[in-house]
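Student: Structure, please.
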Amino acid sequence: MGKLIDYMNFAMKHLLNLILAVLTTAVFAQVIFRFVIKQPLAWTEELAVYSLVWLTFLGAAYAMSLKAHIGVEFFMDLFPLWARQILFVIATIVSIVFYVIMIVQGYSLAQQGMAQLSPVLRIPMGWIYSVIPLSGFFLIVNVLGTFAKELKSGGKTV
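Tutor: As a prediction, this is how the structure comes out:
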């Protein structure tokens, strides 16, 4: 199971790099066309915003795989190991509940957004909103992967 999660995160890392390249290119093109050529492109701003939304949500899921989210280590270090392990389990459960809510509500939002088209690119907004349940799924997978690694190590790194 760990290898599958590693492959998923490897693919997500490259997708994030591609989205970042699209975002950078769109913003660069917008600057060139607006300030050099004096003919701004309407679609580049919208593409940059949607790329940033996707980059943020998927980036949060990828950061979970790296354990790069902020934590309150100072606070956690005040507790003995057994208490840290209990708090880690509670935090994992609460996170999963939140991510399930993200999936359910994000799916509902994406379904409703399929009828609405974006102003310039004319793509269904449901495609943009679909990153919410998608990232919720990836967040759950990565939280469970991290939790499994902690169980294997005996919780020594909590």
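
Student: And stretch 80-99, what's buried?
Tutor: Within stretch 80-99, the residues scored as buried using 16 or more other Cβ atoms under 10 Å are 84-85, 88, 95-96, 99. Bear in mind the C-beta positions are built from the backbone N, C-alpha and C, glycine included.

Student: so which of the residues you listed comes closest to S51?
Tutor: Proximity of the buried residues of stretch 80-99 to S51 (Cβ to Cβ) peaks at Y99, which lies at 22.7 Å.

Student: burial of I123, as a residue count?
Tutor: Residues lying near I123 (other Cβ atoms under 10 Å) number 13.

Student: What distance do you get for it to E46?
Tutor: Noted for I123: a distance of 9 Å to E46, by Cβ to Cβ, to the nearest Å.

Student: now do A11
Tutor: 26 Å.

Student: So between those two, which is more surrounded?
Tutor: E46 (18 against 10).

Student: Least confident secondary structure element in the protein?
Tutor: When the helices and strands of the chain are scored by mean pLDDT, DSSP states H and E, helix 73-76 comes last with a mean of 77.

Student: In the protein, mark out all the helices, start to finish.
Tutor: For the chain, applying DSSP state H gives helices covering 2-31, 42-65, 73-76, 81-113, 125-129, 131-152.

Student: Adding distance to P119, write those out as CSV.
Tutor: Shown next, in CSV, are those (distance: least, Cβ to Cβ, whole Å):
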stretch, distance to P119
helix 2-31, 15
helix 42-65, 7
helix 73-76, 44
helix 81-113, 13
helix 125-129, 10
helix 131-152, 19
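
Student: Those helices: lowest mean pLDDT?
Tutor: Of all the helices of the chain, the minimum mean pLDDT falls on helix 73-76 (a mean of 77).

Student: Can you work out which other helices and strands pack against that helix?
Tutor: If contacts are counted by 3 or more Cβ pairs under 8 Å, 6 or more residues apart in numbering; DSSP states H and E, helix 73-76 sits against no helix or strand.

Student: Please shift the residue numbers so they start at 30 in all later answers.
Tutor: That works, and once the first residue is 30, the last one we named lands at helix 102-105.

Student: how about the CA coordinates for it, as PDB?
Tutor: This file holds the C-alpha atoms of helix 102-105, laid out as PDB (Å, rounded to 0.1, in the frame of the first residue of the first chain):
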ATOM      1  CA  GLU A 102       5.700  20.900  18.100                       C
ATOM      2  CA  PHE A 103       6.400  23.100  21.100                       C
ATOM      3  CA  PHE A 104       3.100  22.300  22.600                       C
ATOM      4  CA  MET A 105       3.300  18.600  21.700                       C
END
